[in-house]
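Asks: Build the 3D model from these lines:
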Amino acid sequence: MSGKLYGIGVGPGDPDLLTFKAVNILNNVDYIFAPKARDKDSNALKIIKDKVDYQDRLIELSFTMSKDKNKLNESRQQIASKIEDKLLEGYNCAFITLGAPCLYSTFIYIKEILKDREQLLEVETVPGVTSILSCAAGYNLHLVEAGDDLAILEAGFTEEKFKNILDNFNTVVILKPTTDLNNLLNILENQGLQDKMLLGSKTGFSDQFYIDNIDEIKKSKINYLSTLIVKKEGI
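Replies: From the prediction side, this is the model:
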């Protein structure tokens, strides 16, 4: 009988935002898989290190970071195979991911790969606190109220697409803004939104910071783990 795979969201950075369910599962599975970029430490692992005793149960997974879709898929296939091997040996395993595993997470690709394979594997997704909520709460900002609409985007869109979204949504959250930051800032200025936005960098981690001034963003070194919130009525 194969083991069970848990996709576990460990939250945005603050270990105290780990859910009781996440900690309970992580303390009881046979193996914990922690994704990381090559030659870098796992951010997800940093979050759980003081809450979970994972000694002799940790398997770190180095993902290829590339814009080449073929290289990305090859890396994900190889990692899915490593996880599948443990599951087929009957071990219960957890794959930890920043934020929530159902929102722009690496776990999504692994889950789909395993689902497409012939083996019958049991998978459970365990939600976590997202960087979106962490960013808003850390600044005491409400995202939406009654009658408002919220859009969540990943950076890389066109100005035309952004204008269409702004026509229909009061608040827009942009994840991974550093992947296209210069273009994104130009779009915000062209739309007259340079004073109606908030950037939260590494919210939840000890070195988090917020910027609500577009000129300061241009001068600052912005971490990949950032969230940008745009509110048409102002921050």
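Asks: Going by C-alpha atoms from here, please, whenever you check contacts or count neighbours.
Replies: Will do.
Asks: How about residues contacting the host helix or strand of Val23?
Replies: Element membership for Val23 (DSSP states H and E) is helix 20-26. Outside helix 20-26, the residues that touch it by Cα atoms under 8 Å, 6 or more residues apart in numbering are 8-10, 32, 51-52, 54, 94, 126.
Asks: helices or strands up against the lengthiest helix in the chain?
Replies: Counting residues, the longest helix found in the chain (DSSP state H) is helix 69-88. Other helices and strands packing on helix 69-88, by 3 or more Cα pairs under 8 Å, 6 or more residues apart in numbering; DSSP states H and E, are strand 58-63, strand 93-97, helix 106-116.
Asks: list the buried ones in that helix?
Replies: Residues of helix 69-88 classed as buried by neighbour count (16 or more other Cα atoms under 10 Å): 75-76, 79-80, 83-84, 86-88.
Asks: Could I get the residues you listed in CSV, plus columns for pLDDT and distance to Ala151?
Replies: Shown next, in CSV, are the buried residues of helix 69-88 (pLDDT from 0 to 100; distance: Cα to Cα, whole Å):
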residue, pLDDT, distance to Ala151
Ser75, 89, 30
Arg76, 91, 28
Ile79, 94, 32
Ala80, 94, 31
Ile83, 96, 33
Glu84, 95, 35
Lys86, 96, 38
Leu87, 95, 37
Leu88, 93, 39
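Asks: so what's the residue lying farthest from the centre of the chain closest to, chain neighbours aside?
Replies: Farthest-out residue of the chain from its mean C-alpha position, per Cα atoms, centre = their mean: Met1, at 31.7 Å. Sequence neighbours aside, Gly90 is the residue nearest to Met1 in space, at 5.9 Å (criterion: Cα to Cα, 6 or more residues apart in numbering).
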